[in-house]
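J.: Build the 3D model from these lines:
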Amino acid sequence: MPLAEQTGLIGPLGAWVLRQACAEARDWKAPLRVAVNLSPVQFRDPGLVTVVDEALSQTGLAPERLELEVTESVLLAASETNLATLHSLRKLGVRISMDDFGTGYSSLSYLQRFPFDKIKIDRSFVQQLGDSHHSAAIVRAVIGLGASLGIVTVAEGIETEGQFAHLRAEGCNEAQGYLFGRPVPAAEARRLIRPDSRPLLVA
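T.: Prediction:
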C-alpha cells in the first residue's frame, strides 16, 4: 500500500478493488454489505466520489450495500474538504464508517460534524480486554457514545471468547476478528453465505 501511494498507482488500484468488491457482493445469495477501506491518498483524490459512483453504476450494486471505511489519519487535515467529500459520498447512498476509532485526536470533533453510520473500536483496545482496566474503560465509553448518538459500534480484532463475551456484555453491536474466521478467497466466502443470512457487515 505505501508503495502504491508513493508511485501514484493507488488511484487505479483502489478503483479496481472497489469495482471488484461491488461486483462480488452483487452476486452474493444474501443482501449482505461489503466494506472497502479507503487510503488517505484515495480520500484526498478529487475524483473519488465519481469513482465510487461509477463502480456502483457499472456493477449494479445497491449503494446501501457498500460501506466505505476511513481512518482517523484521513481526517486530520483539510477538514472542510474532508467533510464535503464525506457528504458527497453519503448522497450516493453508501454508508460511511470511521475505522480505528480512538487512536487519533479528531474522533470526537468529526462525530459532532458528520453523522457516521459506524465507528470501529480499534483492535489495540480489544486485545487488552481482561488485562487492562484502562482499555476496558475506553471500550465501554466508545460503545456508550455510539449508543447515545445512534451510531453502530463494531469491535475489531477479537481473538478470544473472553473478549467476545466482554463486548457482548457491554452492548457492542457488531464484531469481527480471527475468533470468527480468517480472510478467505471470494469463492470460499460465497460458500459461507446462507440465503437466509441477515444483512450485516462482511469485512
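
J.: Setting aside sequence neighbours, what's the nearest residue to F164?
T.: Nearest non-adjacent residue to F164, counting by CB to CB, 6 or more residues apart in numbering: I158, 5.3 Å away. Heads up, the C-betas are built off the backbone N, CA and C, glycines and all.

J.: what residues are up against the one you found?
T.: Residues touching I158, when contacts are defined by CB atoms under 8 Å, 6 or more residues apart in numbering, comprise V126, F164, L167, A175, Q176, G177, Y178, L179, F180.

J.: Now do the SS call for it.
T.: Following DSSP: H, G, I helix; E, B strand; the rest coil, I158 is assigned to coil.

J.: Show the backbone phi and psi for it.
T.: phi -80, psi 130 (degrees, to the nearest 10).

J.: Can you give me the pLDDT of it?
T.: pLDDT recorded at I158 is 96.

J.: Please apply the same query to L38.
T.: 92.

J.: what about the residue nearest to F164, distance to L129?
T.: Here the criterion is CB to CB, to the nearest Å. By it, I158 lies 9 Å from L129.

J.: which residues are in contact with both of these two?
T.: Going by CB under 8 Å, 6+ apart, residues that sit against I158 and also against L129 are L167.

J.: Next, the spatially closest residue to F101 that is not a sequence neighbour: secondary structure please.
T.: Using CB to CB, 6+ apart and skipping residues adjacent in sequence, the residue nearest F101 is I119, 4.4 Å away. On the three-state scheme (three-state DSSP), I119 is labelled strand.

J.: okay but P40 is in contact with N82, surely?
T.: No: between P40 and N82 there is no contact under CB atoms under 8 Å: 10.3 Å.

J.: Between the two, tell me which one has more neighbours.
T.: Legend: neighbour count by other CB atoms under 10 Å for P40 and N82, higher for N82 (20 against 15).

J.: where are the low-confidence patches of the protein?
T.: 76-78, 102-107, 195-203 (pLDDT under 70).

J.: 80 instead, please
T.: Scanning the chain with the threshold set as pLDDT under 80 gives 2, 5, 72-79, 102-109, 194-203.

J.: Quick check: N82 vs R26, distance?
T.: Per CB to CB, N82 is found 29 Å from R26.

J.: Repeat that for S79.
T.: For S79, the distance to R26 - CB to CB - is 34 Å.

J.: what's the answer for A147, then?
T.: Going from A147 to R26 by CB to CB gives 32 Å.

J.: next one: P12
T.: P12 is 21 Å from R26, by CB to CB.

J.: of the two, who's got more company?
T.: Taking other CB under 10 Å, P12 and R26 do not tie; R26 has more neighbours (15 against 11).

J.: all strands for the chain, in order.
T.: Secondary structure of the chain (DSSP state E): strands at 33-37, 66-71, 95-101, 118-121, 152-155, 174-175, 201-202.
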